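Asker: Whatever this is, show me its structure:
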Amino acid sequence: MRKAQGLLVLLLGITLLGCSGQFWGGAGAGALGAGAGYEIQAERQMKLLDEELKNGKINQQEYNIRKDQIQRGSLLK
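Answerer: Take a look at the predicted model:
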C-alpha cells in the first residue's frame, strides 16, 4: 500500500510541474500515472491471492507461482 501511495504523491508532484505547459512534464506525469495504476492493480491481485491461500482455495505451490508472476510484472519489486 505504501508503494502505491508513494507513486501517487510522486505523480501529483510531477503533474503540478507539468502544468507549466512543458511537453516532457506532461508526458512524465502520464507515464507515472499509468505505472501507478498498474501497481495498484498488482497490489489488489496480491491481496486476492493472499485471501485465496488463507481460505484454502489454492495451495502454497500455486501461491508461489502466481506471486512470482505478479512480481515479475511489477515495476516496484
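
Asker: Tyr63 reaches Met46, doesn't it?
Answerer: No. Because the distance of 10.3 Å does not satisfy Cβ atoms under 8 Å, Tyr63 is recorded as not touching Met46. In this view, the C-beta of every residue, glycine as well, is placed from N, C-alpha and C.

Asker: Need the pLDDT of Gln71.
Answerer: According to the per-residue confidence, Gln71 scores 85 in pLDDT.

Asker: List the buried residues in the helix or strand hosting it.
Answerer: In this structure, Gln71 sits in helix 60-72 according to DSSP states H and E. Judged by neighbour count using 16 or more other Cβ atoms under 10 Å, the buried positions of helix 60-72 are Tyr63, Arg66.

Asker: Give me the mean pLDDT for stretch 51-64.
Answerer: Confidence for stretch 51-64, expressed as mean pLDDT, is 96.

Asker: Name the residues that touch that stretch?
Answerer: When contacts are taken as Cβ atoms under 8 Å, 6 or more residues apart in numbering, the neighbours of stretch 51-64 outside the stretch itself are Leu49, Arg66.

Asker: Now do the end-to-end distance for that stretch.
Answerer: End-to-end distance of stretch 51-64 (Cα to Cα, to the nearest Å): 13 Å.

Asker: With Ile58 as the reference, measure out to Met46.
Answerer: Distance of Met46 to Ile58, computed by Cβ to Cβ, to the nearest Å: 13 Å.

Asker: what do you get for Gln45?
Answerer: Relative to Ile58, Gln45 is positioned 13 Å away (criterion: Cβ to Cβ).
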